[in-house]
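>>> just to be clear, the model below is a prediction. Sequence and coordinates:
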Amino acid sequence: MTAGYGRMLRKEDQRFVRGLGTYVDDVYLPGMLYGAVLRSPHPHARIVSIDTVAAEAHPKVKAVITGETLQHRNLAWMPTLSGDTQAVLATDKVRFQGQEVAFVVAEDHYAAR
Amino acid sequence: MRVAVTVNGTEYARDVEPRLLLIHFLRDELGLTGSHWGCDTSNCGSCVVWLDQRPVKACTVLAAMADGRSVRTVEDLEQDGRLDPVQQGFIECHGLQCGFCTPGMMMTARWLLDRTPDPAEAEIREVLSGQVCRCTGYENIVRSVRWAAEHAKDTV
């Protein structure tokens, strides 16, 4: 039990066990905005339309981005490390449950969601 | 609305939205980022803190529900410059890799050891069953808690 432990302890554990790690979510910058991803509840479905009007009207929402938004800028698909392409946000249809459909940017967590 | 919560022995009063979750109160209002916002669905347990001496998932508690009550977070485990044996156990037994789940794991483990100073492995696994680690598996986490039990005399 004990033979494998104790001789090489990790230096970074000192801050992690004190709650002093700095994860991305721990970074606070003045004026920063929050993002939230809307994901598909369906495993395979055509996207007929996405109504963004209410979200865009929210006073704390800065942007509502859909696959269509990205398509206009030729950004809807991205290359992957394995050399194929992957949807950034779904355009014509979703291909798995949980696929990213829209991205909202807002002044706080709750408004983004 | 006004809420006053005693966190790690200090009372903090803040005006907050009624819908504000305790985890965001701790992280965004008080800057105590040791407790993590993981899944937001009460599955992962990265946000576990004590509310009046009991571990709770702070993403399922409204800040308003903590009004007038006391909260203890990972930042309070170390006392007078001495790590809690649970913290030391996680270091000694490599109970963490990325460390994201660790604060919640340790708060639950401390609660267990306060009630059951010499828990069996099965008890440790049961009490931590509401918390998820995606790095280590649970073997070293259980060992870490056992280490803390065996070094309880070091408790401050």
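Sure thing, it's come through.
>>> switch to C-alpha atoms for all contacts and neighbour counts from now on
OK.
>>> residue of chain B closest to chain A, please.
At 3.7 Å from chain A, B:Gly34 is the closest residue in chain B, using CA to the nearest CA.
>>> name the SS class of that residue, please.
coil (DSSP: H, G, I helix; E, B strand; the rest coil).
>>> which residues touch stretch B:143-151?
B:85-95, B:109, B:113, B:117-119, B:121, B:124 (CA atoms under 8 Å, 6 or more residues apart in numbering or on different chains).
>>> buried set for that stretch?
Of all the residues in stretch B:143-151, those buried under the rule 16 or more other CA atoms under 10 Å in any protein chain shown are B:Arg143, B:Ser144, B:Val145, B:Arg146, B:Trp147, B:Ala148, B:Ala149.
>>> one step back: quick check: the residue of chain B closest to chain A touching B:Asp76?
No: between B:Gly34 and B:Asp76 there is no contact under CA atoms under 8 Å: 10.1 Å.
>>> remind me which residues of chain B are low pLDDT?
By pLDDT under 70, the weakly predicted segments of chain B are B:154-156.
>>> interface residues of it facing chain A?
B:27, B:33-35, B:74-75, B:77-78, B:87, B:90-94, B:96, B:99-100, B:102-103 (CA under 8 Å from any CA of the partner chain).
>>> just the ones of those residues in helices?
Using DSSP state H, the subset of the residues of chain B next to chain A located in helices is B:Gln87, B:Phe90, B:Ile91, B:Glu92, B:Thr102, B:Pro103.
>>> can I get the residues you listed in TSV with neighbour count?
What follows is those, written out as TSV (neighbours: other CA atoms under 10 Å in any protein chain shown):
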residue	neighbour count
B:Gln87	29
B:Phe90	29
B:Ile91	23
B:Glu92	24
B:Thr102	32
B:Pro103	28
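>>> farthest pair within these?
Largest separation among those by CA to CA: B:Glu92 and B:Pro103, giving 15.7 Å.
>>> over to the most centrally placed residue in chain A. Which of the three states is it?
Centroid check for chain A by CA atoms, centre = their mean gives A:Val37 as the closest residue, at 5.2 Å. Under three-state DSSP, the three-state class of A:Val37 is strand.
>>> what about the residue nearest to it when sequence neighbours are not counted, helix or strand, and which?
Distances taken as CA to CA, 6 or more residues apart in numbering or on different chains place A:Phe103 nearest to A:Val37, at 4.6 Å, with adjacent residues excluded. Per DSSP states H and E, A:Phe103 falls inside strand A:100-106.
>>> who touches whichever helix or strand comes after that strand?
Next in sequence after strand A:100-106, counting helices and strands by DSSP H and E, comes helix A:109-112. Under the criterion CA under 8 Å, 6+ apart, residues A:Tyr34, A:Gly35, A:Ala36, A:His58, A:Lys60, A:Val61, A:Val104, A:Val105, A:Ala106 lie in contact with helix A:109-112.
>>> which of the residues you listed count as buried?
A:Tyr34, A:Gly35, A:Ala36, A:Lys60, A:Val61, A:Val104, A:Val105, A:Ala106.
>>> between B:Gly34 and B:Asp76, tell me which one has more neighbours.
A count of neighbours by other CA atoms under 10 Å in any protein chain shown puts B:Gly34 above the other of B:Gly34 and B:Asp76, at 27 against 17.
>>> let me see the contact set for whichever residue of chain A sits closest to chain B.
In chain A, the residue that lies nearest chain B is A:Gly19 (3.7 Å; CA to the nearest CA). By CA under 8 Å, 6+ apart, A:Gly19 lies in contact with B:Thr33, B:Gly34, B:Ser35, B:Val74, B:Glu75, B:Pro103.
>>> quick check: end-to-end length of stretch A:25-41?
Taking CA to CA, to the nearest Å, the first and last residues of stretch A:25-41 lie 25 Å apart.
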